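S.K.: please find the sequence and the predicted model below.
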Amino acid sequence: MIRLNACSINLYSGMIPLMMDLRDAKVVIAGGGAVGARKARFFASEARVVVLSRSFHPDFAETAVETVKCDLSGMDDDEIVSHLRESFLVITALEDVELNRRIAALARRCGAHVNDAHGVLGDVTLPSVVRGETYSIGISTFGRSPGMARHLRLCIEEHCGDIDGMVRLQETLRENLKQIVPDQLVRSQILNEVLDDPAMWDALARGTAQAKEEALRKYL
Ligand SMILES: C[C@@]1(CC(=O)O)c2cc3[nH]c(cc4nc(cc5[nH]c(cc(n2)[C@H]1CCC(=O)O)[C@@](C)(CC(=O)O)[C@@H]5CCC(=O)O)C(CC(=O)O)=C4CCC(=O)O)c(CCC(=O)O)c3CC(=O)O
Ligand SMILES: NC(=O)C1=CN([C@@H]2O[C@H](COP(=O)(O)OP(=O)(O)OC[C@H]3O[C@@H](n4cnc5c(N)ncnc54)[C@H](O)[C@@H]3O)[C@@H](O)[C@H]2O)C=CC1
């Protein structure tokens, strides 16, 4: 595993997007406020989430995570480490920057990645996510403008049409084309023409099978 040596990094230089399978990974969140609750929701359906906090935002009532009521500032390092051990990721979401820093340093000692709600510590940042049944789009400004990441999510959701429908059409069409068009370049050209064709996007409303028939008629 590649680890960052620095305790704090400036604006996430060098970060690249990855899609990860976090099933069964342990994610610990320090701070159960509105921000901790949003981050808990982000991970709850995949990872095993544990939230350490003095109090918990009402949203936790509807989020399937483990909550541990505790005062982190009153704990010694060993006690905090006992909660962080075997974590894949530790998220610091407390107001207290010094306490966040202390928890982040202990997390690194445990071999965990760190995400910081203030965006100054850590080697992981959370993107804004546009999610469908067949795709996931992560958007990040690396802490420069979270509002812009949200704005771009809303733009994609509003203006990109039936992405799930088009992914399904492309999936079935490309399988079909592999059987009947031997030349890969020709297959790729047809698939791109379908993506660029507004009539094909309209055809999605008639169902995947019908849209595929129309695409084959038009482009073969
Ligand atoms: C560094 C980072 C933490 C990290 O690594 O996780 C971080 C940090 C901070 N955000 C702050 C504010 C806001 N955050 C949002 C929204 C989101 N913030 C998210 C991620 C991140 N936020 C990471 C960088 C991501 C990036 O840059 O792309 C999203 C994408 C994902 C998520 O967290 O769920 C989610 C959108 C979900 C969606 O809707 O799609 C809005 C918009 C709104 O709520 O309307 C505002 C108000 C507008 C604004 O400030 O832009 C402040 C307080 C600033 C202050 O005090 O003024 C800090 C701390 C600081 O800057 O000190
Ligand atoms: N990443 C992001 O998108 C955003 C990050 N932020 C930053 O994130 C931080 C957290 O924001 P909120 O959740 O709104 O704050 P908040 O004050 O509502 O929540 C903090 C939580 O931490 C708990 N807590 C505080 N000290 C504790 C301690 N010593 N031991 C155990 N628990 C303790 C509190 O009980 C509370 O549940 C803020 O500092 C804010 O600047 C703010 C807005 C957006």
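M.R.: Good, I have the coordinates. Ligands and ions are numbered 1, 2, ... in the order given.
S.K.: residues in contact with the helix or strand hosting residue 100?
M.R.: Assigned by DSSP states H and E, residue 100 belongs to helix 97-109. Contact with helix 97-109 is made by 3, 7, 28, 30, 72-73, 77, 80-81, 84, 87, 90, 92-94, 113-114, 116-118, 120-122, as judged by C-beta atoms under 8 Å, 6 or more residues apart in numbering. Using the backbone N, CA and C atoms, a C-beta is placed for each residue, glycine as well.
S.K.: where does the prediction get shaky in the chain?
M.R.: Flagging of the chain using pLDDT under 70 yields the residue ranges 1-13.
S.K.: find the closest residue to ligand 2 in it.
M.R.: Using C-beta to the nearest ligand atom, the single residue of the chain nearest to ligand 2 is residue 33, 1.9 Å away.
S.K.: that residue and residue 93 touch, don't they?
M.R.: Yes: the pair residue 33 and residue 93 qualifies as a contact (C-beta atoms under 8 Å) at a distance of 6.7 Å.
S.K.: all helices for this protein, in order.
M.R.: Here the chain has its helices, by DSSP state H, at 34-44, 77-84, 97-109, 146-159, 163-180, 184-196, 198-203, 208-219.
S.K.: including mean neighbour count, could those helices go into CSV?
M.R.: Formatted as CSV, these follow (neighbours: other C-beta atoms under 10 Å):
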stretch, mean neighbour count
helix 34-44, 19
helix 77-84, 15
helix 97-109, 18
helix 146-159, 13
helix 163-180, 16
helix 184-196, 14
helix 198-203, 16
helix 208-219, 16
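S.K.: now for those, which one comes closest to ligand 1?
M.R.: Between the helices of the chain, helix 146-159 lies closest to ligand 1; by C-beta to the nearest ligand atom that is 2.9 Å.
S.K.: what's that closest one packed up against?
M.R.: strand 128-131, strand 136-139 (3 or more C-beta pairs under 8 Å, 6 or more residues apart in numbering; DSSP states H and E).
S.K.: got the angle for that helix vs helix 163-180?
M.R.: Orientation check (axes from the mean of the first three to the mean of the last three C-alpha atoms, to 10 degrees): helix 146-159 against helix 163-180 gives 60 degrees.
S.K.: contacts made by helix 146-159 with the rest, please.
M.R.: Helix 146-159 is contacted from outside by 127, 128, 129, 130, 137, 139, 140, 141, using C-beta under 8 Å, 6+ apart.
S.K.: residue 134: how many residues sit nearby?
M.R.: Applying other C-beta atoms under 10 Å, we find 13 residues neighbouring residue 134.
S.K.: so who does it touch?
M.R.: Contacts for residue 134 (C-beta under 8 Å, 6+ apart) come out as 163, 164, 167, 168, 171.
S.K.: endpoints of stretch 130-141, how far apart?
M.R.: Across stretch 130-141, the terminal residues are separated by 15 Å (C-alpha to C-alpha, to the nearest Å).
S.K.: quick one: distance of it to the chain centre.
M.R.: Here stretch 130-141 is found 7 Å from its chain centre; the criterion is C-alpha atoms, centre = their mean, to the nearest Å.
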